[in-house]
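Chemist: what's the 3D shape of this:
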Amino acid sequence: MKQIRLAIAGVGNCASSLVQGLDYYKPQKSTQSAGLMHPDIGGYTLQDVKVVAAFDIDKRKVGKPVEQAVFALPNNTKVFQSELTATGVTVQMAPVHDGVAAHMKNYPDDQAFRQADLPGVDVAKVLKETKADVLVCYLPVGSENAIRYYAQACLDAGVAMVNCVPVFIASNPEWAERFKKAGLPIVGDDIKSQVGATIIHRTLTRLMGDRGVQLERTYQLNTGGNTDFLNMLEHDRLKSKKISKTESVQSQLDTRLDPVNIHIGPSDFVAWQKDNKLCFLRMEWRGFGDVPMNLEMRLSVEDSPNSAGVAIDAIRLAKLARDRGIGGPLLEASAYLMKHPPQQMRDTEAHDRLEAFIAGK
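Modeler: Below is the predicted model of the structure:
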């Protein structure tokens, strides 16, 4: 029987939505398209994904079964599947490295993390022992050393990787070559939401180019109340995130905007928003006769389910590539599902190439 043995690094809101989804899409729902881009990928449905390992550093999650830990504080995403099947998997203490910003300790329990006082396990050893096929990385933005540690653990254990974080692994030529030589697929970096700020901003940017108008200035401001936004209050951790989001939009322009005319990035933490993310988007352009025009948009989404709808495809694509003996960055999957892939494409092209890849063409 086909199975995808999944390891999860970081049992936060995104992991919560992903694990809930594995139960929500029961066999009777698995062929329905609502909420799923691909009910089936290469014969793999959501029912074939089995969590075999999970890692975190919060004392409210470490030592608990995965199906309980995904609902523990400070997680605050929407609960759409409250009853979860027992996984038989306990969340293990991970090495901390730079996986958490110092200021995260100075907030109430329902907003910040509380570090467990335990030594970190050897992640590569656990991956081997659990016979994991794919590791999905959900660590906080700015966890440069911690994410490289997990990437190395994947290489040491022979495990494919899905990097949902804007720390550049798949899009770094040296890391990409290491995964290719090891014969291990990687999808990355920095996951796009299913219908979120980045994909809408990219689409509108490309639309303007295709319709012959000249985009002159744009901004994208985002606020949220989950731990991702709280973590990003430390601006030193935001460098790669801003690069990832900005490049994702710039890549859709025929003529790149001067940096002074484009601003994209997280703006503030608003605790009562919880996992709701608000995007405020403005675009200014000149049309026929150089007449100035503009667009302003407000987008409200639940951040983590929006991510999980994409991650579930990336996980299955990584396993499908592994089955086919393909190593290194999956260019089509990364271009369609990630903000900072090794090779940027127009989304329509990435979609068509991804469908051809799934079909084995």
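Chemist: rest of the way, CA atoms for contacts and neighbours
Modeler: Fine.
Chemist: tell me where the stretch 51-200 of the chain has helices.
Modeler: With helices called from DSSP state H, counting those that start in this stretch, the stretch 51-200 of the chain shows them at 66-69, 123-129, 144-157, 173-182, 197-210.
Chemist: what packs against the last one?
Modeler: This means helix 197-210. With contacts defined as 3 or more C-alpha pairs under 8 Å, 6 or more residues apart in numbering; DSSP states H and E, helix 197-210 has these neighbours: strand 214-224, helix 239-250.
Chemist: mind putting these into TSV with mean pLDDT, mean neighbour count and distance to Val96?
Modeler: Shown next, in TSV, are these (pLDDT from 0 to 100; neighbours: other C-alpha atoms under 10 Å; distance: least, C-alpha to C-alpha, whole Å):
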stretch	mean pLDDT	mean neighbour count	distance to Val96
strand 214-224	97	20	25
helix 239-250	93	20	20
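Chemist: nearest to Gln252, out of the helices of the stretch 51-200 of the chain?
Modeler: helix 197-210 (5.3 Å; C-alpha to C-alpha).
Chemist: for the closest one, which positions count as buried?
Modeler: Ala197, Thr198, Ile199, Ile200, His201, Arg202, Thr203, Leu204, Thr205, Arg206, Met208 (16 or more other C-alpha atoms under 10 Å).
Chemist: likewise for stretch 292-301?
Modeler: The neighbour-count check on stretch 292-301 (16+ other C-alpha under 10 Å) flags Val301 as buried.
Chemist: swap in stretch 52-69?
Modeler: Going by neighbour count (16+ other C-alpha under 10 Å), the buried part of stretch 52-69 is 52-69.
Chemist: just stretch 118-134 next, same as before
Modeler: Buried residues in stretch 118-134, counted by 16+ other C-alpha under 10 Å: Gly120, Val123, Ala124, Val126, Leu127, Lys128, Lys131, Ala132, Asp133, Val134.
Chemist: is it possible to export the residues you listed to CSV including pLDDT and distance to Arg217?
Modeler: Shown next, in CSV, are the buried residues of stretch 118-134 (pLDDT from 0 to 100; distance: C-alpha to C-alpha, whole Å):
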residue, pLDDT, distance to Arg217
Gly120, 97, 46
Val123, 98, 45
Ala124, 98, 46
Val126, 98, 49
Leu127, 98, 46
Lys128, 98, 50
Lys131, 98, 49
Ala132, 98, 46
Asp133, 98, 44
Val134, 98, 40
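Chemist: how near is Gln68 to Ile191?
Modeler: Distance, Gln68 to Ile191, by C-alpha to C-alpha, to the nearest Å: 25 Å.
Chemist: what are the ranges of the strands in this protein?
Modeler: Along the chain, counting by DSSP state E, strands occupy 4-9, 49-56, 92-93, 134-137, 160-163, 185-187, 214-224, 262-269, 276-286, 292-302, 328-329.
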